[in-house]
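Participant: let's see this in three dimensions:
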Amino acid sequence: MTTEIEFRALDEIEWRVGDGDDGTFEGRACQYGVVDSYGTTFHQRTFRKGLRGSYALLFMHSPMQPVGTFTAEERDDGLYISGRYDDTAAGRDARTMARSGSASELSVGFVRTDLPDWKKLYEMDEDARNELLANIKSARLVEVSQITARMAAVPGSKLKTVRTALGDLYAEVDAPAIADRIREEQERRAAGTARDAEMRERRRRAALLRLTTVGGA
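Facilitator: Okay, the predicted model is just below:
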């Protein structure tokens with residue numbers, strides 16, 4: 001089972017700022033049934049396992065910079081969160097940036113739980129493997145982050161209500177680590193095949209040389 005953390009950012013943010021000063025927020029952190037810029041699709045009830053208690057709202061996926069807490073629930077069209085910003089400098093800054101629009105988008109951090117070990121993935125037919133990787137049907141939520149504007153990838157995120165002022169453990173992921181592992185395994189096996197072919201050719205030449213030597217004697 002793969003345990004790498006993946007991230008997906010969302011798009012089309014709509015803000016509504018309330019008149020109170022309790023610092024609460026709510027919105028959709030993940031939309032189901034759309035193809036994102038990674039070529040993957042979240043399916044309904046992806047996060048059905050393990051949505052319990054509170055999660056940290058982070059800033060830019062940094063575990064060193066929590067800015068609030070939230071609870072999450074699944075609905076037919078996606079994963080929704082509701083929570084409150086911390087009454088800290090970081091929390092107040094995050095609310096201000098959300099309200100101004102400079103950091104007004106969401107990105108979800110998750111671990112897939114619907115994949116076999118990467119070695120089993122490697123052995124699969126390429127079409128079947130690509131189909132499996134492209135359809136996320138089960139995952140464990142790790143965190144949701146507020147991110148800089150225009151970093152989004154998936155249509156449909158709506159952090160839609162922010163009352164008052166809302167508005168690295170992780171590395172930037174350009175490609176899933178599992179894809180890197182599969183590629184490395186392909187390269188390793190290709191190199192091994194080339195070495196085997198070279199050794200067979202050397203043995204063949206050595207055998208011919210022995211035959212020629214014996215024949216000449």
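Participant: please report how far residue 72 lies from residue 206.
Facilitator: Separation of residue 72 from residue 206 (CB to CB, to the nearest Å) stands at 66 Å. Glycine gets a C-beta too; all of them are placed from N, C-alpha and C.
Participant: so residue 147 sits against residue 103, correct?
Facilitator: Yes. The criterion here is CB atoms under 8 Å, and residue 147 meets it with residue 103 at 6.4 Å.
Participant: intersection of neighbour lists for those two?
Facilitator: Common neighbours of residue 147 and residue 103, using CB atoms under 8 Å, 6 or more residues apart in numbering, are residue 59.
Participant: any idea how far the residue nearest to residue 51 when sequence neighbours are not counted lies from residue 50?
Facilitator: Distance criterion CB to CB, 6 or more residues apart in numbering; nearest residue to residue 51, sequence neighbours excluded, is residue 72 at 5.3 Å. Distance, residue 72 to residue 50, by CB to CB: 10 Å.
Participant: more neighbours: which of these two?
Facilitator: A count of neighbours by other CB atoms under 10 Å puts residue 72 above the other of residue 72 and residue 50, at 20 against 10.
Participant: buried residues, whichever strand in the chain runs longest. List them.
Facilitator: For the chain, the strand that runs over the most residues, judged by DSSP state E, is strand 62-75. Using 16 or more other CB atoms under 10 Å as the test for burial, strand 62-75 gives 66, 67, 68, 69, 70, 72, 74.
Participant: now swap in stretch 92-100 and tell me
Facilitator: Buried-residue list, stretch 92-100, by 16+ other CB under 10 Å: 92, 93, 94, 95, 97, 98, 99.
Participant: with that, I have no additional questions.
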